[in-house]
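Q: Below is the sequence, then the predicted model.
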Amino acid sequence: MSSIEKIALFIDGSNLYATSKALGFDIDYRRLLGEFQSRGSLLRAFYYTTIIEDQEYSSIRPLIDWLDYNGYTVVTKLTKEFVDATTGRRKVKGRMDVDLAVRAMELAEHVDQIVLFSGDGDFRSLVESLQRRGVRVTVVSTLSTQPPMVADDLRRQADIFIDLADLKQKVGRDPVERPGSREMRQTSQFLARGAISRGDPVE
């Protein structure tokens with residue numbers, strides 16, 4: 001029987017983005033993948049995010065294209081933007097919680113550990129359900145901000161809590177490389193090559 005732990009990553013994209021920004025650094029997704037590959041047998045790395053419907057260009061599109069070609073399973077959902085009648089503020093309708101939870105439960109019997117990159121307290125019941133199936137759950141978020149980005153009940157439910165601030169040296173982007181520089185540059189080159197092969201104009 002193999003002693004190598006089978007691991008799956010579940011990344012709540014918008015939550016991880018907000019957490020890393022609050023801590024003042026950007027995630028290097030290549031390094032993040034490498035960090036958890038070094039901790040066991042990484043079976044899957046899921047990245048969940050929403051894309052606003054009716055937007056001709058989404059600023060996150062280059063990132064998710066890069067992730068899709070570099071070891072991540074990207075799951076997206078179209079959402080709608082609307083104006084809240086009470087507050088007058090623009091809000092987005094549509095979340096990925098259920099999609100993430102369903103996939104995690106489906107994978108539970110195939111893994112030893114699930115690493116959840118989110119501080120959303122709505123995931124506490126998912127963590128509890130996974131634990132009942134014998135899966136150890138690690139939650140990655142932060143207590144280093146005011147207020148903390150992780151819900152207290154989610155942190156307490158997790159088998160292990162990792163503060164994202166403690167991973168900065170391992171998964172943070174080199175400050176010389178601004179957000180999107182390497183991944184976006186590679187994606188742009190890839191997309192440009194595709195456009196050239198189709199004969200499309202490349203700006």
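A: Sure thing, it's come through.
Q: At which residues are the strands of the protein located?
A: 6-12, 41-52, 73-83, 90-93, 113-117, 136-141, 160-163 (DSSP state E).
Q: other SSEs contacting the longest one?
A: Spelled out, that is strand 41-52. Helices and strands touching strand 41-52, by 3 or more C-beta pairs under 8 Å, 6 or more residues apart in numbering; DSSP states H and E, are strand 6-12, helix 13-22, helix 29-37, helix 61-69, strand 73-83, helix 97-107. Every residue, glycine included, has its C-beta placed from N, CA and C.
Q: Now do the buried residues in that strand.
A: Neighbour-count burial for strand 41-52 flags Leu42, Arg44, Ala45, Phe46, Tyr47, Tyr48, Thr49, Thr50 (criterion: 16 or more other C-beta atoms under 10 Å).
Q: what's the closest of these to Asp97?
A: Within the buried residues of strand 41-52, the smallest distance to Asp97 is 8.8 Å, found for Tyr48 (C-beta to C-beta).
Q: Just give the closest residue to that closest one, not the sequence neighbours.
A: Met96 (4.1 Å; C-beta to C-beta, 6 or more residues apart in numbering).
Q: ok, the one you found to Ile51 distance?
A: For Met96, the distance to Ile51 equals 11 Å [C-beta to C-beta, to the nearest Å].
Q: okay, and the common contacts of these two?
A: Counting by C-beta atoms under 8 Å, 6 or more residues apart in numbering, the shared contacts of Met96 and Ile51 are Lys77.
Q: The residue nearest the centre of the chain: what's it in contact with?
A: The chain has Ile11 as the residue nearest its centroid, 2.8 Å off, counting by C-alpha atoms, centre = their mean. Contact analysis of Ile11 by C-beta under 8 Å, 6+ apart lists Ala45, Phe46, Tyr47, Tyr48, Tyr72, Phe117, Ser118.
Q: Check Glu109 too.
A: Contact analysis of Glu109 by C-beta under 8 Å, 6+ apart lists Arg133.
Q: distance of it from Arg103?
A: 13 Å.
Q: Likewise for Ser38?
A: According to C-beta to C-beta, Ser38 and Arg103 sit 24 Å apart.
Q: the more surrounded of the two?
A: Taking neighbours as other C-beta atoms under 10 Å, Ser38 and Arg103 compare with Arg103 leading, 18 against 9.
Q: What residues sit buried inside stretch 134-143?
A: By neighbour count with 16+ other C-beta under 10 Å, stretch 134-143 contains the buried residues Val135, Arg136, Val137, Thr138, Val139, Val140, Ser141, Thr142, Leu143.
Q: Count the neighbours of Gly40 for me.
A: Counted with other C-beta under 10 Å, Gly40 comes out at 16.
Q: So Ser144 sits against Leu167, correct?
A: No. Look at Ser144 against Leu167 with C-beta atoms under 8 Å: they stay out of range, at 11.3 Å.
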